[in-house]
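Asks: Please find the sequence and the predicted model below.
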Amino acid sequence: MDIIISNNSNSPIYEQITTQIKEMILNGTLQEGDALPSMRTLAKDLRISIITTKRAYEDLERDGFIESFTGRGSFVKAAGKELMQEELLCQVQDLAEQTCKKAALAGLSLEELLETIRLIYDGE
């Protein structure tokens, strides 16, 4: 599992792990039923504390992305991808609300805002 930890990030290490695993579930790198490395293995590979990996796995399990079984390990949960898509939709809605407020402050009409979004979305 390719997880990259940045010491320059403002996010704690456990959040960086959680975010990257969620992204792997969303983009299909991790599929339903796939096993995650053990907490000890991941901690050793990343050269971090096992407490940090435990916190990341606990957060992923609490949020419904993985399920853990004593003696067997942690696995991607079936609903993980749907949960991640819902989480991303909420983030998009929050950003859209912020964008609309800033567009109104800048005096953009709805048509101008939509055209700007279309251009960005299409990569122009």
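Replies: In hand now; what should we look at? In this text the structure is predicted, and so the values were computed from the model without any measurement.
Asks: Counting by contacts, list what the longest helix seen in the chain packs against.
Replies: In the chain, assigned by DSSP state H, the helix with the most residues is helix 80-106. In terms of contacts (3 or more Cβ pairs under 8 Å, 6 or more residues apart in numbering; DSSP states H and E), helix 80-106 is packed against helix 13-26, helix 110-121. Any C-beta I mention is one placed from the backbone N, CA and C, and that applies to glycine too.
Asks: Any chance of the ones you listed in TSV with distance to Met1 as columns?
Replies: As requested, those are exported to TSV (distance: least, Cβ to Cβ, whole Å):
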stretch	distance to Met1
helix 13-26	7
helix 110-121	31
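Asks: What mean pLDDT does the longest helix of the chain get?
Replies: Mean pLDDT, helix 80-106: 87.
Asks: Compute the inter-axis angle for that helix and helix 13-26.
Replies: Interaxial angle, helix 80-106 versus helix 13-26 (axes from the mean of the first three to the mean of the last three Cα atoms, to 10 degrees): 110 degrees.
Asks: Show me how far helix 80-106 is from its chain's centre.
Replies: 14 Å (Cα atoms, centre = their mean, to the nearest Å).
Asks: how does this protein divide into domains?
Replies: 13-78, 81-121 (automatic domain parsing).
Asks: hey, which of those domains is tucked in deepest?
Replies: domain 13-78 (a mean of 16; mean count of other Cβ atoms under 10 Å).
Asks: Ser68 and Lys77 touch, don't they?
Replies: No: taking Cβ atoms under 8 Å as the definition, Ser68 is not a contact partner of Lys77, at 9.9 Å.
Asks: do you know how far Phe65 is from Arg47?
Replies: 24 Å (Cβ to Cβ, to the nearest Å).
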